[in-house]
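Student: Got a sequence here, can you model it:
(one chain, ligands or ions: 1)
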Amino acid sequence: NAIPRVALVTGTSSGIGEAVVEQLCRLGHQVLAVDFNADGQQKADRAGAAFMQGDLTDPEACRGAVAEAVKRFGHLDILVNNAGIQHVDSIEAFPEAKWRHIIDLMLTAPFLLSQAAWPYMRKGGWGRIINIASVHAQVASPGKAAYISAKHGLIGLTKTAALEGGGDGITANAICPAYVRTPLVDNQIADQARMHGMEEQEVIEQIMLKNAAIKRLIDPSEVASLVAYLVSDDASAVTGSSWNIDLGWTAQ
Ligand code: NAD
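Tutor: Purely as a prediction, here's the structure:
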């Protein structure tokens, strides 16, 4: 049985973050869930996690989240950077404010959270940083410049954290999923169906799964299972790596 650890997970009101909180609580860890959406409270209560409402595009909220975890649980061992959004526009049309928002939330917040968590992990001689990246950290698609740039950058942050943490028992790894069935993807399916005048099922099969060897969407719990492995002691030799759960997308 795993030693109970203290974990901070971001973006927990729905989708992958919600599933990760449930999984870590099931494993007996103490979890602080952080989200700007107040619905996160209910979800956290149900899983047996603590909740903090905060907008992680604000650097003070990032530092505040780590401080809150330490205040509640006395320590911090595991950080799962998951909060993310999407915006689709060509580079030519991409609003600068959207670009900055996405970089702030999906690249700067993981950096600030890692920075704030670092002293606690170093002190304990044990730490796990899991960055939820994307297949779009490995390959690009048109229309997603900010998201793809943030996710590629997150791999760089993951590798740097792995090198700096190696001597202190801190590992850092990224998970790169293809399309996972979450509200973020449901919205994209609806948008694309409208844009192309297609049925939603056609969008899934012809657009989203075009490059996939396995023709189905991924379940959030499948990502949470990999998080469970990466935060375990069994994974203490695994660091600086990117784990694709991409239905074979990047095999071609
Ligand atoms: P989701 O929309 O279901 O959940 C994202 C969560 O982040 C929400 O709870 C939202 O409230 C929260 N959030 C958004 N902005 C925030 C802010 N400023 N401050 C705090 N919280 C904020 O999305 P998801 O699909 O579960 O995605 C989670 C992560 O997984 C994202 O980083 C996403 O890029 C990545 N991902 C998703 C997929 C997919 O297909 N769904 C694929 C690859 C990677």
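Student: Spit out the contact partners of the residue lying closest to residue 244 once chain neighbours are set aside.
Tutor: Counting by Cβ to Cβ, 6 or more residues apart in numbering, residue 176 is the residue found nearest to residue 244 once chain neighbours are left out, at 4.7 Å. Using the backbone N, CA and C atoms, a C-beta is placed for each residue, glycine as well. Counting by Cβ atoms under 8 Å, 6 or more residues apart in numbering, residue 176 touches 133-135, 137-138, 151, 242-246.
Student: part of a strand, is residue 176?
Tutor: Yes: under DSSP: H, G, I helix; E, B strand; the rest coil, residue 176 falls within a strand.
Student: In terms of helices and strands, where is residue 129?
Tutor: Using DSSP states H and E, residue 129 sits in strand 127-132.
Student: what number of residues lie near residue 57?
Tutor: Using other Cβ atoms under 10 Å, residue 57 has 19 neighbouring residues.
Student: residues in contact with it?
Tutor: 101, 104-105, 108-109.
Student: what about 7 Å?
Tutor: Residues near residue 57 by Cβ atoms under 7 Å, 6 or more residues apart in numbering: 101, 104-105, 109.
Student: List, one by one, the residues from this protein near the ligand.
Tutor: Residues of the chain lying close to the ligand by Cβ under 6 Å from any ligand atom are 11, 13-17, 35-37, 55-57, 82-85, 105, 132, 134, 177, 179-180, 182-185.
Student: low-scoring stretches of this structure, by residue?
Tutor: Low-confidence segments of the chain (pLDDT under 70): 1.
Student: Quickly list the domain ranges of it.
Tutor: Using automatic domain parsing, the domain parsing of the chain gives 6-179+219-245, 181-217.
Student: and those, which is most packed in?
Tutor: domain 6-179+219-245 (a mean of 20; mean count of other Cβ atoms under 10 Å).
Student: mind checking the end-to-end distance for that domain?
Tutor: Terminal residues of domain 6-179+219-245 lie 26 Å apart, using Cα to Cα, to the nearest Å.
Student: same check, this time on stretch 85-101
Tutor: End-to-end distance of stretch 85-101: 9 Å, with Cα to Cα as the criterion.
Student: Repeat that for stretch 193-203.
Tutor: Note: stretch 193-203 ends 6 Å apart using Cα to Cα.
Student: which other residues reach it?
Tutor: With Cβ under 7 Å, 6+ apart, stretch 193-203 has contacts from 189-190, 192.
Student: Could you rerun that using 6 Å?
Tutor: 189, 192 (Cβ atoms under 6 Å, 6 or more residues apart in numbering).
Student: same deal with stretch 136-148?
Tutor: Identification of contacts with stretch 136-148 by Cβ under 6 Å, 6+ apart yields 86, 88, 91, 94, 99, 102, 151-152, 155, 176, 250.
Student: same question, stretch 61-79
Tutor: Contacts to stretch 61-79, defined as Cβ under 6 Å, 6+ apart, come from residues 5-8, 30, 32, 34, 50, 52, 54-56, 109, 112-113, 116-117, 120, 126, 128-129, 231.
Student: Off-centre distance for the helix or strand containing residue 63?
Tutor: Per DSSP H and E: residue 63 is located in helix 59-73. Helix 59-73 has its C-alpha centroid displaced from the chain centroid by 18 Å (Cα atoms, centre = their mean, to the nearest Å).
Student: Can you name the residue of the stretch 51-200 of the chain nearest to the ligand?
Tutor: Nearest residue of the stretch 51-200 of the chain to the ligand (Cβ to the nearest ligand atom) works out as residue 84 at 2.4 Å.
Student: how about that residue, secondary structure?
Tutor: On the three-state scheme (three-state DSSP), residue 84 is labelled coil.
Student: Surely it is in contact with residue 109?
Tutor: No: contact criterion Cβ atoms under 6 Å: residue 84 and residue 109 do not qualify, at 9.6 Å.
Student: Helices of the protein, start to end?
Tutor: Using DSSP state H, the helices of the chain run over residues 15-26, 40-47, 59-73, 96-103, 109-124, 145-165, 183-196, 200-202, 220-230.
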